[in-house]
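# got a structure for you, letters missing:
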DNA sequence: CAAGTGGCATATGCAAATCGTATTGCAAAA
DNA sequence: TTTTGCAATACGATTTGCATATGCCACTTG
């Protein structure tokens, strides 16, 4: 029958009160059971912890030695308790977050991240960029806890996808391009232009969305250059490599040599989702994050 | 109802086995009560510690966090236990020892101290010198735990005195003193000599013993110099200040200018005692020390 | 000096926590 | 679909822990 914290708590109370009766009162119990517990503890340890005096008790050297350890143990147990609760509430721990390249340009994302850091400053937050499929794979493989991505083509086993918002897509033209004279352009105006787009392999929902929109108005974009990062697409457009269709929030990135024009007619949307593992749907960090978005 | 170590031991077992059933076997109990205990712990902490899988269980982040703390707590509790036992057995702790100035010259004392250090190397041993009354007061005031002293004139309340041994007293003469031509001297031969002795106030049993011996043969020593330390007495004798009567073991101290002569007739004795507090008669250090002497 | 007081130990009875046995439930593997 | 492995639930049995009552000892007080 091993040592229990209860015994140590009783012991400390008696050691501090130097009286069994008084300690019992402070503990909210009667004196006899406390005497028993102390006796049992002494028997268990095979050592006298107190000297019984006519007027109270006194610590023996062995009791002296135990007192320090007992206090430390009790306090550490309490600390362990609060630590677990904090981890459970997500106030402590870590959150490995991923995001696609274009996410930081939409004001929502930096806002959420800033707010998370403000609310849970003790959570170690790590941030990485990647493409939608890479991020999904990382979350699934537990190398990441959650990620802001473009919608997945097919629902992934073991992943939960939470749609966050959708924003308009806009046309990106090299500055001075003939089409840039008009404020709004129908998609069809791009039918003969060279395109800079995501590679099909990488392209998750967004690539699909763009192709579908073009298809709807009756053409297939002629892709002259592929790159997996939105920022690179914009840079290639600036270099005059071609035109592209990007999320409206990319206009936040003030890049010389690129003009953005709204799409006339049916405007295709860029949707953003947050994914996390299904088996961590109740993990506190995830919950806290979801609450913010 | 606070946290108990039992719960943590159960938790660690389950966390390490990753199975409740297997952990229960290792703990020597059935599976249902263990399930209950784990559930109760989770409820108490307000946090899920395990994810129940079809094939065993898995730690949640909160459980992960608790595991380290739980292991540490259990181990520290065990360490505290062995520490108390060791203190109780006197293998750990401290022993503040005192001795009179002449004690180190009797082979018994250094022998005992050396043996104590060999047997209980983890006991912090401190050593101080002093006069018999000062040492008795220090022990009584708990500034010291035990002391080698000359016998007390009267038994002191709260102190236990253990007689250790007695040795002959011998006469100390300055070298070349006329009396030093004879190997043995009757005490009476010193009746007209100047004496170097302890001050009466300091003098406990030994001072008394010397005076009584002189009184027995019919003279009162003429004290020309007083000092409370035996070594000083011997030095003063060496300086030709007078003669003295000292424990035979002082011959161990090879001091130039002093000759020792045995006493003819009834030889007075120098007795040595060990004292310690009565209320610590059962203290392990004291017991160990007494066992050695 | 005798009665009173303070404080710890022991005895006994009860209530609650813990455990074991039996059973159910559920999801993956055969 | 059946089987299997493992956790959850139900309930009776046992142990543990606490409270009340009492005894004993040392010191205090009238």
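The structure has been received and is ready for your questions. Please read all numbers here as calculations on a predicted model, not as lab measurements.
# where does the residue most central in space within chain A land in three-state SS?
Closest to where the C-alpha atoms of chain A average out (C-alpha atoms, centre = their mean) is residue A:95, at 4.1 Å. Under DSSP: H, G, I helix; E, B strand; the rest coil, the three-state class of residue A:95 is strand.
# skip the chain neighbours and tell me the closest residue to it.
For residue A:95, ignoring the flanking residues on the chain, the nearest one in space by C-beta to C-beta, 6 or more residues apart in numbering or on different chains is residue A:285 at 4.5 Å. The way it works is simple: take the backbone N, C-alpha and C, and place the C-beta from them, glycine included.
# how close does the one you found get to DNA strand D?
Distance from residue A:285 to DNA strand D, counting by C-beta to the nearest atom of the strand, to the nearest Å: 23 Å.
# what strand or helix carries that residue?
Under the criterion of DSSP states H and E, residue A:285 resides in helix A:284-292.
# would you list the phi and psi of the residue nearest to residue A:243 when sequence neighbours are not counted?
Counting by C-beta to C-beta, 6+ apart, residue A:243 lies nearest to residue A:193, which is 4.6 Å off, once chain neighbours are set aside. Dihedral pair for residue A:193: phi -80, psi 150, per degrees, to the nearest 10.
# just the pLDDT for residue A:193.
Note for residue A:193: predicted pLDDT of 91.
# got the contact list for it?
Going by C-beta atoms under 8 Å, 6 or more residues apart in numbering or on different chains, residue A:193 touches A:179, A:221, A:222, A:242, A:243.
# run the last query once more with 10 Å
A:171, A:173, A:177, A:179, A:219, A:221, A:222, A:224, A:242, A:243, A:244 (C-beta atoms under 10 Å, 6 or more residues apart in numbering or on different chains).
# which of those fall in strands?
Under the assignment DSSP state E, the contacts of residue A:193 contribute A:171, A:173, A:222, A:224, A:244 to strands.
# filter those down to the buried ones and hand me the PyMOL line.
Command for PyMOL that selects the buried part of those, burial taken from 16 or more other C-beta atoms under 10 Å in any protein chain shown:
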select buried, chain A and resi 171+173+244
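# now for the contacts of residue A:193: which two are most distant?
Farthest pair in the contacts of residue A:193 (C-beta to C-beta) is A:177 and A:219. Separation: 17.8 Å.
# who's more crowded, these two?
residue A:177 (18 against 14; other C-beta atoms under 10 Å in any protein chain shown).
# low-confidence ranges, the stretch 101-250 of chain A, go.
A:201-204 (pLDDT under 70).
# identify the residue of it closest to chain B, quick one.
Of all residues in the stretch 101-250 of chain A, residue A:145 sits closest to chain B, at 9.5 Å by C-beta to the nearest C-beta.
# tell me the contacts of that residue?
Going by C-beta under 10 Å, 6+ apart, residue A:145 touches A:93-98, A:126, A:138-139, A:276-277, A:280, A:283, A:285-286, A:289, B:61.
# quick check: the gap between it and residue A:286.
Using C-beta to C-beta, to the nearest Å, we find residue A:145 at a distance of 7 Å from residue A:286.
# identify the contacts common to those two.
A:95, A:276, A:277, A:280.
# so how many other residues sit close to residue A:160?
19.
# continuing past the helix or strand that it is a member of, what's the next helix or strand?
Secondary structure assigned from DSSP H and E places residue A:160 in strand A:159-174. Downstream of strand A:159-174, the next assigned helix or strand under DSSP H and E is strand A:184-186.
# and that following strand, what does it pack onto?
strand A:159-174, strand A:258-264 (3 or more C-beta pairs under 10 Å, 6 or more residues apart in numbering or on different chains; DSSP states H and E).
# pull up the pairing partners for it, direction included.
Neighbouring strands of strand A:184-186 in its sheet, by DSSP bridges, are strand A:258-264 (parallel).
# tell me the buried residues in the partner strand?
In strand A:258-264, counting by 16+ other C-beta under 10 Å, buried: A:258, A:259, A:260, A:261, A:263.
# out of those, who's nearest DNA strand D?
Taking C-beta to the nearest atom of the strand as the measure, DNA strand D lies nearest residue A:263 of the buried residues of strand A:258-264, at 50.9 Å.
# contact residues of chain A facing DNA strand D?
By C-beta under 7 Å from any atom of the strand, the residues of chain A that approach DNA strand D are A:1, A:4, A:6, A:28-33, A:36-37, A:40, A:54-55.
# which element is residue A:216 on?
Going by DSSP H and E, residue A:216 is part of helix A:205-217.
# now do that helix: distance to the chain's middle.
Its chain's average C-alpha position is 31 Å from that of helix A:205-217, according to C-alpha atoms, centre = their mean, to the nearest Å.
# re the thing from before, looking at the shared contacts of residue A:145 and residue A:286, which are in helices?
Within the shared contacts of residue A:145 and residue A:286, no residue falls in helices by DSSP state H.
# reformat those as a markdown table; add pLDDT and distance to residue A:20.
A markdown table is the format used below for the shared contacts of residue A:145 and residue A:286 (pLDDT from 0 to 100; distance: C-beta to C-beta, whole Å):
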| residue | pLDDT | distance to residue A:20 |
| --- | --- | --- |
| A:95 | 87 | 50 |
| A:276 | 90 | 55 |
| A:277 | 85 | 54 |
| A:280 | 72 | 50 |
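# by neighbours, which of those wins?
Counting neighbours by other C-beta under 10 Å, residue A:276 leads the shared contacts of residue A:145 and residue A:286 with 23 neighbours.
# residue contacts, that residue?
Counting by C-beta under 10 Å, 6+ apart, residue A:276 makes contact with A:97, A:139, A:144-147, A:159-162, A:283, A:285-287, A:289-290.
# between the residues you listed, which is closest to DNA strand D?
residue A:283 (17.7 Å).
# number of residues surrounding that closest one?
23.
# tell me how far it lies from residue B:42.
Where residue B:42 is concerned, residue A:283 sits at a distance of 15 Å (C-beta to C-beta).
# got it, and residue A:182?
In terms of C-beta to C-beta, residue A:182 sits 64 Å off from residue B:42.
# who's more crowded, the two?
For residue A:182 versus residue B:42, neighbours defined as other C-beta under 10 Å are more numerous around residue B:42 (20 against 12).
# neighbours of residue A:230, how many?
There are 23 residues near residue A:230, going by other C-beta under 10 Å.
# find the residue closest to it in space, skipping its chain neighbours.
Of all residues not flanking residue A:230 in the chain, residue A:102 sits nearest, at 3.9 Å (C-beta to C-beta, 6+ apart).
# for chain B, what are the nearby residues on the stretch 151-293 of chain A?
A:279, A:280, A:282, A:283, A:284, A:285 (C-beta under 10 Å from any C-beta of the partner chain).
# what's near enough to touch the residue nearest to residue A:144 when sequence neighbours are not counted?
Once flanking residues are discounted, residue A:144 sits nearest to residue A:138: 4.2 Å by C-beta to C-beta, 6+ apart. Going by C-beta under 10 Å, 6+ apart, residue A:138 touches A:96, A:98, A:128, A:130, A:144, A:145, A:147.
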